[in-house]
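Peer 1: Dropping a prediction and its sequence here:
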Amino acid sequence: MDNRQIETLAINAVKDSIVCTDILDQFISENDKEPSWDGFIYVYKNSTKTKRNLDGRVAVQVKGIGNNNFSNKITFPIEVVDLNIYLNNGGVIYFVVRIHKTDNNKREIYYETLTPVKLKNYLKNVKNQKRKTIELVKFPFDKNDRTSIVINFLNDSRKQASYVKSGFISADEIQKNKHQYNLTISTAGYGTSDSVFSTLLKNELYAYVINEDTNALVPVDTSFTAKKIRGKTNEKVSIGNKCYYNNYGVIYSEEETTIKIGESIKLIFGESGSTTIKTDICFSEYLRKAAKDMQFIIDAVTAKQFNIATFELRLDSMDIADFISTTQEQLTFYCKIIDMLDTLNVSKDLNTKELTTEEKRNIEILIKAFVDKKEITNIDKTPTSVLNIKLSNITLKLIVKEKINGAHTIEDFFNSEITVSYKDENGNDQITSPYSVLSKDDYLTVSNINFNKILESYKKIVIQNPNIFNRANADMLHILLAFDEKLQIELLTTAKDIAHWILTEGKDINKNIRILNYLQIIKRERQLNKDEIRQLCEVIEDINASEQEKTGAYLLLDNQMSAEIHFKKLNQEKQALFRTFPIYKFWKHSDIIKK
């Protein structure tokens with residue numbers, strides 16, 4: 001075959017593939033002399049192919065080559081000058097047709113949708129290259145799949161063309177600052193009853209950033225294909241009238257659909273028409289999640305059925321007696337651990353996979369102490385010891401007390417009758433809240449802190465120790481420092497409750513200090529209002545206010561320059577002390593005063 005024959009056969013192959021579709025038509029010329037492309041595919045809104053129904057047209061280029069290898073993917077070189085022309089004219093669908101050298105009835109069409117986004121990527125770093133090699137894949141046999149490819153190319157090229165000169169948004173930038181962008185992804189699946197998930201998995205995708213001011217769609221600088229799509233369905237999973245889960249997860253891929261129940265159970269459905277369901281059970285490493293899933297599995301097997309939404313799954317033929325027996329034994333032990341942790345007011349879930357041998361032994365001891373309410377023997381401790389016991393990702397603050405018979409009891413530190421005291425400035429013992437023994441690090445790590453009792457523990461000591469406000473204020477600052485590291489809402493709420501109590505009741509504490517401490521917590525929650533700003537201005541204007549207080553007030557007002565001026569007036573020792581205060585969080589570190 002000569003080149004003219006090859007070109008004719010190639011163009012005819014592409015024409016035939018388009019003519020048989022419902023809403024596409026072709027105007028592709030043989031031996032076309034127009035530079036860079038050979039014609040157009042016209043897209044109509046419906047099967048009535050009239051001017052009134054014309055939606056748009058797509059430029060195409062067709063190349064033919066004699067080659068007997070009809071692999072799934074091929075490569076082909078394109079002139080860089082042509083790629084630039086395509087880029088500046090909205091893109092092109094590039095076809096390469098391989099024609100069998102001895103049997104020209106055997107032809108395979110390959111294509112690449114050269115959208116502006118793809119063209120930009122192909123043209124990156126071309127330098128002095130005259131050609132760039134592109135990769136093409138087989139043009140699908142199904143006419144609706146072909147139509148979807150052309151429609152999506154038309155839609156995406158339109159969205160991208162106007163940003164060729166101004167530029168696209170970098171995918172790397174979005175990955176670094178993902179929470180700052182609102183993204184949208186869309187694709188078309190023509191003439192198919194496939195779900196939206198199947199359509200997303202089948203087609204090439206582009207992402208667009210929604211401009212908040214104009215609602216314009218700004219293209220991201222890369223295309224992608226979805227391998228898996230994860231979603232959540234807000235339908236109940238139940239056994240009889242009892243609901244175990246309010247939703248379940250769904251994972252779609254080209255090969256299968258997976259329903260995920262809880263954290264441990266997967267039901268894997270094969271291709272459409274298959275009646276086989278594969279069950280994959282792998283219990284969560286987290287105690288409470290695993291226990292919940294274990295109970296569901298045991299109950300479902302006992303009932304021989306369960307429901308996903310309105311769909312009933314029968315379990316009549318399952319023979320898993322040994323598995324259920326083992327699971328029941330494990331669940332019984334897990335429930336004892338949960339009872340023990342509930343008694344200690346621990347809401348954090350225990351990671352069972354990271355437990356050491358010693359930690360497992362300690363769990364047995366704690367179950368005996370808090371669930372079975374028994375004394376513990378063979379503990380080598382002083383008569384009364386306060387301990388931090390680590391269990392994987394959980395830390396418990398406990399008290400171990402020795403009894404007359406040499407046995408020990410173990411108590412929750414925060415529910416014990418222990419009395420905590422400190423020396424005041426005169427050397428006298430003063431009673432304080434048990435929570436006063438907690439450091440910032442304790443608030444970051446200890447899991448059995450009862451935040452609901454902290455403020456009350458200070459209030460009930462006021463009569464015995466009128467100076468408790470000073471101690472509570474110092475403890476509140478520890479809590480606030482912990483919040484700035486952990487950002488746990490309970491820490492901020494507790495600090496705010498204590499600071500408000502001190503503000504309204506702690507008259508012995510400097511008023512400026514009380515205001516600054518309360519408002520620095522408010523500033524962590526939201527912008528200060530006019531009345532709060534006025535209070536800070538009054539602190540600044542107070543002739544008796546210290547330089548530390550004025551520095552803090554200016555920081556809360558976001559007046560860095562004035563804060564620095566007053567900070568300079570502090571001696572080095574007070575400057576170092578100020579840097580340890582939670583309010584130093586609001587210092588803008590671009591120009592820190594170090595003198």
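Peer 2: Cool, got the structure. Numbering: from 1, shown residues only.

Peer 1: Find the least confident helix or strand in this structure, judged by mean pLDDT.
Peer 2: Sorting the helices and strands of the chain by mean pLDDT, DSSP states H and E puts helix 196-202 at the bottom, at a mean of 77.

Peer 1: Now do that helix: everything it contacts.
Peer 2: Here helix 196-202 makes contact (C-beta atoms under 8 Å, 6 or more residues apart in numbering) with 145, 148, 185, 187-189, 192, 194, 225-227, 229, 231, 252-254. No exception for glycine: its C-beta is placed from N, CA and C like everyone else's.

Peer 1: same check, this time on stretch 518-530
Peer 2: If you take C-beta under 8 Å, 6+ apart as the criterion, stretch 518-530 is touched by 480, 483, 492, 495-496, 499-500, 502-503, 532, 535-536, 552, 556, 582-583, 585-586.

Peer 1: one step back: of all the contacts of helix 196-202, which comes closest to Leu154?
Peer 2: Proximity of the contacts of helix 196-202 to Leu154, judged by C-beta to C-beta, is greatest for Ala188, which lies at 9.3 Å.

Peer 1: Now that closest one. Nearest residue, chain neighbours left out?
Peer 2: Ile151 (4.7 Å; C-beta to C-beta, 6 or more residues apart in numbering).

Peer 1: What is the neighbour count of that neighbour?
Peer 2: Counted with other C-beta atoms under 10 Å, the neighbours of Ile151 add up to 21.

Peer 1: which parts of the host helix or strand of it are buried?
Peer 2: The secondary structure element spanning Ile151 is helix 143-161 (assigned by DSSP states H and E). Neighbour counts using 16 or more other C-beta atoms under 10 Å place 143-157, 159-161 of helix 143-161 among the buried residues.

Peer 1: Now it: average pLDDT?
Peer 2: Per-residue pLDDT values over helix 143-161 give a mean of 94.

Peer 1: follow-up on the earlier one: the residue nearest to Ala188 and Val58, how far apart?
Peer 2: Distance, Ile151 to Val58, by C-beta to C-beta, to the nearest Å: 9 Å.

Peer 1: intersection of neighbour lists for these two?
Peer 2: Between them, Ile151 and Val58 share these contacting residues under C-beta under 8 Å, 6+ apart: Val43.

Peer 1: domains in this protein, as residue ranges please.
Peer 2: Domain assignment for the chain by automatic domain parsing gives 3-163, 231-334, 355-418.

Peer 1: Can you give the distance of the longest one from its chain's centre?
Peer 2: Taking the mean of its C-alpha atoms, domain 3-163 sits 39 Å from the chain's own mean (C-alpha atoms, centre = their mean, to the nearest Å).

Peer 1: before we move on, what about the shortest one?
Peer 2: Its chain's C-alpha centre lies 37 Å from the corresponding centre of domain 355-418 when counted by C-alpha atoms, centre = their mean.

Peer 1: where in the stretch 101-250 of the chain is pLDDT low?
Peer 2: For the stretch 101-250 of the chain, the stretches flagged by pLDDT under 70 are 178-179, 193-195.

Peer 1: Quick one: the helices in it, in order.
Peer 2: Ranges of helices within the stretch 101-250 of the chain are 116-122, 143-161, 171-176, 196-202, based on DSSP state H, counting those that start in this stretch.

Peer 1: Out of these, the one nearest Asn84 is which?
Peer 2: Go through the helices of the stretch 101-250 of the chain one by one with C-beta to C-beta and the one that ends up closest to Asn84 is helix 116-122, at 8.1 Å.
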